[in-house]
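Engineer: heads up, no residue letters with this:
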Ligand SMILES: NC(=O)c1ccc[n+]([C@@H]2O[C@H](COP(=O)([O-])OP(=O)(O)OC[C@H]3O[C@@H](n4cnc5c(N)ncnc54)[C@H](O)[C@@H]3O)[C@@H](O)[C@H]2O)c1
């Protein structure tokens, strides 16, 4: 998600610094960005000059300190509260006093990240969708600690990115995932119960509901580890049985089958 968000911000005219933990990951970020922009030029969605200008606005680093002059930092690391909390505490130490700290979390409590900092009023959620350059929506998540000016600035940023903002409260899953994940989890249960094949369930939902992708294709796109983390966070907060992760999803994650990003999830992408 990080590279997609970087592309969106750079396309809106912002100078972007992407921080990865290793040089290899940083190089990978620039390559994915280059490939995404090349595809858009090929499809005549952008000129080669526009693509080059966007690429030139993105630089990478392995040092968190290099974010110290940013006006806005958007965290998009693994969906793990402990990892995100540690990062917010470091970001608070390293960035300027007026810098807004945002998280791209899908479900975790934004207020808990805010309280890791000395500036909870400057912390909010900016929840992009996958793939970020294509999907129109950004949920602007408002924790109870956020100042109105922070949300105003976040909404203005989303608008400048050419996206549609929906303001949401800081509740697990916000709007989209609170509605989407019980459905996706239900699809895995239907498969477990042998009601239809995976291909059959996907065909039923695309053909019968007009959805662009079936539930298994969506789970593979989101990533099965991220999907499991989202369901666990939803279940922790709501206790709702529809959000209890299905055993098959857990087994696939345990086996390292994480979806498109690992080449194999519900479907096999290695051919
Ligand atoms: N996948 C989606 O469809 C989607 C959509 C919207 C939001 N999100 C959110 O975006 C965030 C990232 O998700 P993703 O799908 O890109 O996941 P991913 O697994 O593809 O990438 C996670 C990144 O976090 C890094 N990371 C892992 N452990 C870390 C640590 N200890 N410290 C710093 N970095 C670490 C990894 O190296 C990797 O680059 C999550 O919060 C997720 O909920 C995901």
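Structural biologist: Received the coordinates, thanks. The structure presented is a predicted model; accordingly, all values stated were derived computationally and were not measured.

Engineer: Could you look up the SS state of residue 77?
Structural biologist: Recorded secondary structure, residue 77: coil (DSSP: H, G, I helix; E, B strand; the rest coil).

Engineer: Wait, it touches residue 85, no?
Structural biologist: No - here residue 77 does not reach residue 85: they are 11.0 Å apart, not a contact under CB atoms under 8 Å. For glycine as for every other residue, the C-beta is placed from the backbone atoms N, C-alpha and C.

Engineer: Does anything pack onto the lengthiest helix in the chain? Which helices or strands?
Structural biologist: Taking DSSP state H as the criterion, the chain has its longest helix at helix 23-42. If you count contacts as 3 or more CB pairs under 8 Å, 6 or more residues apart in numbering; DSSP states H and E, helix 23-42 packs onto helix 2-11, helix 48-56, strand 58-61.

Engineer: Around the ligand, which positions in this structure sit nearby?
Structural biologist: For the chain, the residues in contact with the ligand (CB under 6 Å from any ligand atom) are 1-2, 21, 25, 76-79, 83, 104-106, 127-130, 222-223, 226, 261.

Engineer: what mean pLDDT does the longest helix of the chain have?
Structural biologist: Here helix 23-42 scores 96 as its mean pLDDT.

Engineer: Can you check what angle separates it from helix 2-11?
Structural biologist: 60 degrees (axes from the mean of the first three to the mean of the last three CA atoms, to 10 degrees).

Engineer: what sits up against the helix or strand encompassing residue 82?
Structural biologist: Applying DSSP states H and E as the criterion places residue 82 in helix 81-94. Residues from elsewhere that reach helix 81-94, judged by CB atoms under 8 Å, 6 or more residues apart in numbering: 64-65, 67-68, 73, 75, 77, 101, 103, 105, 108-109, 112-114, 116-119, 123.

Engineer: Any chance of a ChimeraX selection covering the buried ones in the residues of the chain next to the ligand?
Structural biologist: A single ChimeraX command selects the buried members of these (16 or more other CB atoms under 10 Å):
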select :1,2,76,77,79,104,105,106,127,128,129,222,223,226
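
Engineer: ranges for the helices of the stretch 101-250 of the chain?
Structural biologist: For the stretch 101-250 of the chain, the helices defined by DSSP state H, counting those that start in this stretch cover 110-114, 148-160, 176-192, 198-209, 215-222, 224-238, 247-254.

Engineer: just checking, what packs against the fourth one?
Structural biologist: So that's helix 198-209. Packed next to helix 198-209, using 3+ CB pairs under 8 Å, 6+ apart, are helix 176-192, helix 215-222.

Engineer: Now do the same for the first one: mean pLDDT, whole number.
Structural biologist: Looking back up the chat, that one is helix 176-192. 98.

Engineer: ok, now the last one?
Structural biologist: The average pLDDT for helix 215-222 rounds to 98.

Engineer: Same question for stretch 58-71.
Structural biologist: 97.

Engineer: Now the terminal residues of that stretch, how far apart.
Structural biologist: By CA to CA, to the nearest Å, the extent of stretch 58-71 from end to end equals 15 Å.

Engineer: Quick check: buried residues in that stretch?
Structural biologist: 58, 60, 64, 67, 70.

Engineer: Pull the distance from that stretch to the chain's centre.
Structural biologist: Averaging C-alpha positions (CA atoms, centre = their mean, to the nearest Å) puts stretch 58-71 20 Å from its chain's average.

Engineer: And the contacts of that stretch?
Structural biologist: With CB under 8 Å, 6+ apart, stretch 58-71 has contacts from 6-7, 10, 16-23, 26-27, 29-30, 33, 73, 90-91, 94-96, 98-100.

Engineer: and stretch 118-132, how far apart are its ends?
Structural biologist: For stretch 118-132, the end-to-end distance is 30 Å (CA to CA).
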